[in-house]
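J.: Provided below are the primary sequence and the corresponding predicted coordinates.
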Amino acid sequence: MKFTGPFLTSVSTGLLAALALLPLAARAEWPAYRGPNGDGSSAETGLATKWPAAGPRALWKVPTPAGFGSFTVAGGKAYTIVTRQFAGADQETLVACNADTGKELFSFAIGIAKFDKGGDSGAAGNNGGDGARSTPTVDGGKVYAISGNLAVVCHDAATGKRIWARSIMTEHAGVQIKWQNAASPVIDGNLLFVAGGGPGQALLALDKNTGKTVWKTQDDVMTHSTPTVGTILGVRQVIFFTKEGLVALAPANGAVLWRYKFPFSTSTAISPVICGDIVYCSAGYGIGAGAAKIAKAGSAFTATEIYRVTGNKPLANHWSTPVFTGGYIYGMFQFKEYSAGPLKCVEAATGKVVWEKEGFGPGNVTLVDGKLVALSDAGELILVEATPKAYTELARAKVLTGKCWSTPVFSGGKIYARSTKEGVCLDVSAKSAAAK
């Protein structure tokens, strides 16, 4: 794949016409950082549980220099944010490529890529690659991105043409944090949720079509966490994980529904995990994990802590957000255990570790067809049964070079994954496996 500059490149009318003919209705999509459901899971089935000895077939592989964002897949395109140089400066650059071939379709810059090397750590021989931490979101024919310096941009997903842009730093008295923004755009209905404003406007909802501020509220200082939207006890809510802890707001007007105070030290990065009427959260730097049980009486909510486990073991999640299914949480529970940190199964209601397996590091998991698709920080892709009975590995393959602090995604029978050096699309469809 030949890289272009950081700004929009032209796309031929013929190419756009060809893309329009793709059977998009039949294509399962992963349009946001945490997937179609906002919880790291896919309802799609048909994942092959046995892989060839050399690993799943790579349909394409392209350079993805520097950064920790993941892929999003929608409308026949795969999007991610890389680092490219233009006019003597590194730029955070959103790239759109054909989801089936990897051919680049367009790109545009979203901000200067100026980081402080905080992301250069890693296992010996697998360090470096600091860059954008955010992942694009696709919704309603538009693609959205947030830069490290809190620029929020909206472009046409078919052509890359700019529709609107906002600066949280300049327009909402933004408060920058160490290592800059890592949150991805979260959209629910017509609203895009973002943190980072100053007092009285720390938490914001923007109109996704115009960028106009719909509401602003609270004084919380943001963290690196991407908000979670979900329904608890029949009520839709957006949950921010700030330096104060968890705060759940009514999406329509920003009214506070409940709070769960949780300590902060240095960085908080995982998204809140909704486990029915329990919400789990965690951080590194000695903080550990906790969970609150949410109750409702009339229209009033309460959040009551049901456990708190301090320290970097056994439950710290540095930036690896776990997934929830069947009463259990699965994910990488570790703090700076590069290449060695374990994948664990944890009972959501008690915080009890049910099983663990070393050798994953600070990678990430997704939940697909009752299986965990786990990407280690060293670029190994591992398929594991999502069961509390025992660690049961189904398949494993080395699929990437470079450091993987990103999340593997599943769309249309394919896994899209990236590192600080390259991105890959893998055929893991059960139909393809059966045909062989």
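T.: It's in. Residues are numbered from 1 along each chain as shown.
J.: Next, residue 432: secondary structure please.
T.: The local conformation at residue 432, judged by DSSP: H, G, I helix; E, B strand; the rest coil, is helix.
J.: give me the number of residues near it?
T.: 15 (other Cβ atoms under 10 Å). The C-beta positions use only the backbone N, C-alpha and C, and glycine is treated the same way.
J.: do the same with residue 90
T.: 18.
J.: would it count as being in a strand?
T.: Yes: applying three-state DSSP, one finds residue 90 inside a strand.
J.: how much space is there between it and residue 152?
T.: 20 Å (Cβ to Cβ, to the nearest Å).
J.: Same question for residue 358.
T.: 39 Å.
J.: So for the two, which residue has more residues nearby?
T.: Shown here are residue 358 and residue 152; by other Cβ under 10 Å, residue 152 has more neighbours (23 against 12).
J.: who touches residue 354 in this structure?
T.: By Cβ atoms under 8 Å, 6 or more residues apart in numbering, the contact list for residue 354 reads 328, 344, 345, 346, 347, 388.
J.: What of residue 150?
T.: 167, 168, 169, 174, 176, 181, 194, 196.
J.: Can you list the residue ranges for helices in this structure?
T.: Under the criterion DSSP state H, helices of the chain are mapped to 13-20, 168-171, 430-435.
J.: mean pLDDT lowest for which of the ones you listed?
T.: Ranked by mean pLDDT, the helices of the chain bottom out at helix 13-20, which scores a mean of 35.
J.: Show me where the stretch 101-250 of the chain has its strands.
T.: 104-112, 137-139, 142-146, 151-156, 162-167, 186-188, 191-195, 203-207, 213-217, 228-232, 235-242, 245-249 (DSSP state E, counting those that start in this stretch).
J.: Kindly point out the strands partnered with the third one and how each is oriented relative to it.
T.: Spelled out, it's strand 142-146. Strand 142-146 sits in its sheet next to strand 137-139 (antiparallel), strand 151-156 (antiparallel), going by DSSP bridges.
J.: could I get the ones you listed as CSV with distance to residue 103 and mean pLDDT?
T.: Output for these, formatted as CSV (distance: least, Cβ to Cβ, whole Å; pLDDT from 0 to 100):
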stretch, distance to residue 103, mean pLDDT
strand 137-139, 18, 98
strand 151-156, 19, 98
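J.: Kindly reformat the ones you listed as CSV containing distance to residue 406.
T.: Output for those, formatted as CSV (distance: least, Cβ to Cβ, whole Å):
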stretch, distance to residue 406
strand 137-139, 15
strand 151-156, 20
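J.: which of the contacts of residue 150 lies closest to residue 314?
T.: residue 181 (29.5 Å; Cβ to Cβ).
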